[in-house]
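Participant: No letters, just coordinates:
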């Protein structure tokens, strides 16, 4: 899940419209639309403003990212590629 999708999910859970989140966070309505739709990546200050507007810790905006990273670190994968070093088709000798 992208950060924009996570922001939208948290916003909708709270029943906030985009206009309301813009007012609460001090950001522009259009800027929030771009972030939610993945057309713009928010900077650190923007993330802090959005988290404040949603009344959540900034880490909540990255929850799904960290869960995906945890799965990768523990060896769980979402694809069928083999785990291990890449192999070479060229012979050594």
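Facilitator: Everything's here; your move. Since we're looking at a predicted model, the values are computed, not measured. Numbering: from 1, shown residues only.
Participant: thinking residue 57 is in contact with residue 51, fair?
Facilitator: Yes. Contact criterion Cβ atoms under 8 Å: residue 57 and residue 51 qualify, at 6.5 Å. Yep, even glycine has a C-beta here, placed from its N, CA and C like the rest.
Participant: Neighbour count for those two, which is higher?
Facilitator: residue 51 (18 against 11; other Cβ atoms under 10 Å).
Participant: Apart from its chain neighbours, what residue comes closest to the more buried one?
Facilitator: In space, not counting the residues next to it along the chain, residue 51 is nearest to residue 58; the distance is 4.2 Å by Cβ to Cβ, 6 or more residues apart in numbering.
Participant: burial count for that neighbour?
Facilitator: Residues within reach of residue 58, counting by other Cβ under 10 Å, total 14.
Participant: Can you give me the separation between it and residue 30?
Facilitator: For residue 58, the distance to residue 30 (Cβ to Cβ, to the nearest Å) stands at 22 Å.
Participant: now swap in residue 47 and tell me
Facilitator: When distance is defined by Cβ to Cβ, residue 47 is 17 Å away from residue 30.
Participant: shaky segments in this protein?
Facilitator: Counting by pLDDT under 70, the chain contains low-confidence residues at 65-93.
Participant: wait, what's in contact with residue 64?
Facilitator: Taking Cβ atoms under 8 Å, 6 or more residues apart in numbering as the definition of contact, the neighbours of residue 64 are 1, 6.
Participant: Much appreciated, bye for now.
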